[in-house]
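Peer 1: Just the structure for this:
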Amino acid sequence: MYHIIMNPTSKSGKGLSIWRTLQAILSEKGIPYMLHESTYTGHVTELTRQITSTQQKINLILLGGDGTINEALQGIQDFDKVSIGYIPTGSSNDLARALKLSRDPAKLLRQILDGTHAHMMDLGILTYESDSEVTSRLHRPPVHKSRYFIVSSGIGFDAAVCKEALSSPIKDALNRLRLGKLTYLCIALKQLFAAKAISCEITLDGRRSIFVPRLLFSAFMNHPYEGGGFCFCPQADNSDGLLDLCVVGDLPKLFILFALPTAFFGRHYIFPKIDHYTASSVRVKTSAPLWVHTDGEVYVKSDQISISCLKQRIRFLV
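Peer 2: Numbering: from 1, shown residues only. Down below sits the predicted model:
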């Protein structure tokens, strides 16, 4: 039995037509399945929580984008009992890009049903405090929350780009033209000039401390790509138990204009103040709250976060 969660609005509304093709394959092979259709933000998490609340082992297939799989992670009750198959139908598809998954949904489904290519992947977990400005204004203590991620998380510029892209009116239009990368690139240029000078202290594995006087952003990666194809950490290994960090500091904005396009090819480390680190756990404290994302999903600003890598925690069917 396969539980299938499908986001019909993914890929600019093409998710439903892709599902109909896959449904025909399942029927042809006589594969038992149960379809769960997500209809609103947070619904995937609710569905996953319900599906995985059993003590039985679960085969879960997700049709959607990186945001769909991120929502599903939040609902899984016991990762040891769940095998995940993924058929990308989103706009950025950074996970599919990193894993070199086929662009043919039918081929991917057949590979998943074959079940012989399971891969144990790392799982990231980010814990943050709610927006300091909001909690202080309401005279409430900071709220600690955690979110899982599979591709990457980040604080600062990259999260601000994700935040604006989620509500961008031109995103769907560019996706239909297969120019989705331009959405992130255009917003990135806008956010670059809007970014304010924020200092930051980053602690690696509780031992090494790095002070960044002017942080643009820091990305914490399990896979090489985020933001629709930016190869921020080409060395990232999704099963080594380590996070790869791309930290962009006090670099003149003119230099960043040159550096940003090179990140599509992973060549940005030739520029000064762009540094790479690895660690199994990271703690970040900034002088002011910044947007934080997990797999491109943005919910709050925070001035203090901790990020850890759980080694080979996800059983992924590829």
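Peer 1: Which residue ranges of the stretch 201-318 of the chain form strands?
Peer 2: Assigned by DSSP state E, counting those that start in this stretch, the stretch 201-318 of the chain shows strands spanning 208-212, 217-221, 243-248, 274-279, 281-294, 297-317.
Peer 1: Compute the inter-axis angle for the second one and strand 274-279.
Peer 2: Meaning strand 217-221. Inter-element angle recorded for strand 217-221 and strand 274-279: 40 degrees (by axes from the mean of the first three to the mean of the last three CA atoms, to 10 degrees).
Peer 1: looking just at contacts, which helices and strands does strand 217-221 meet?
Peer 2: strand 152-156, helix 157-166, strand 243-248 (3 or more CB pairs under 8 Å, 6 or more residues apart in numbering; DSSP states H and E). C-beta coordinates here come from the backbone N, C-alpha and C atoms, glycine included.
Peer 1: pLDDT averaged over the second one - what is it?
Peer 2: Averaging pLDDT along helix 157-166 gives 84.
Peer 1: do the same with stretch 72-84
Peer 2: On average, the pLDDT along stretch 72-84 is 96.
Peer 1: What residues sit buried inside that stretch?
Peer 2: The neighbour-count check on stretch 72-84 (16 or more other CB atoms under 10 Å) flags A72, L73, Q74, G75, I76, F79, V82, S83, I84 as buried.
Peer 1: Surely the last one touches R313?
Peer 2: No: because the distance of 11.1 Å does not satisfy CB atoms under 8 Å, I84 is recorded as not touching R313.
Peer 1: what bits of the stretch 101-250 of the chain have low per-residue confidence?
Peer 2: 116, 130-144, 168-184 (pLDDT under 70).
Peer 1: thinking again about what came up before, tell me the most buried of the strands of the stretch 201-318 of the chain?
Peer 2: strand 217-221 (a mean of 28; mean count of other CB atoms under 10 Å).
Peer 1: What strands flank that strand, and is each parallel or antiparallel?
Peer 2: Strand 217-221 has the following strand partners under DSSP bridges: strand 152-156 (antiparallel), strand 243-248 (antiparallel).
Peer 1: for these, which one sits closest to C309?
Peer 2: Nearest to C309 among the strands paired with strand 217-221 is strand 243-248; the distance by CB to CB comes to 4.8 Å.
Peer 1: what's next to stretch 290-300, contact-wise?
Peer 2: 66-67, 69-71, 92, 94, 124, 126, 128, 130-131, 145, 147-156, 158-160, 162-163, 165-166, 198, 215, 226-227, 301-303, 305 (CB atoms under 8 Å, 6 or more residues apart in numbering).
Peer 1: end-to-end on it?
Peer 2: Criterion CA to CA, to the nearest Å; first-to-last residue distance in stretch 290-300 is 8 Å.
Peer 1: Equivalent analysis for stretch 26-34, please.
Peer 2: With CA to CA, one end of stretch 26-34 sits 11 Å from the other.
Peer 1: got the buried residues for that stretch?
Peer 2: L26.
Peer 1: Average pLDDT for that stretch, rounded please.
Peer 2: 94.
Peer 1: chain center to that stretch, what's the gap?
Peer 2: 30 Å (CA atoms, centre = their mean, to the nearest Å).
Peer 1: The buried residues of stretch 72-84 in strands, which ones?
Peer 2: V82, S83, I84 (DSSP state E).
Peer 1: which among the residues you listed gets closest to I256?
Peer 2: Nearest to I256 among those, with distances taken as CB to CB, is I84, at 35.9 Å.
Peer 1: Any idea what the closest one is bridged to?
Peer 2: L60, F316.
Peer 1: Tell me who's in contact with it.
Peer 2: I84 touches L60, I61, L62, I69, A72, I314, R315, F316, L317, counting by CB under 8 Å, 6+ apart.
Peer 1: before we move on, back to that, I'd like to know which of the contacts of stretch 290-300 are buried.
Peer 2: 66-67, 69-71, 92, 94, 124, 126, 128, 130-131, 147-156, 158-160, 162-163, 165, 198, 215, 226-227, 301-303, 305.
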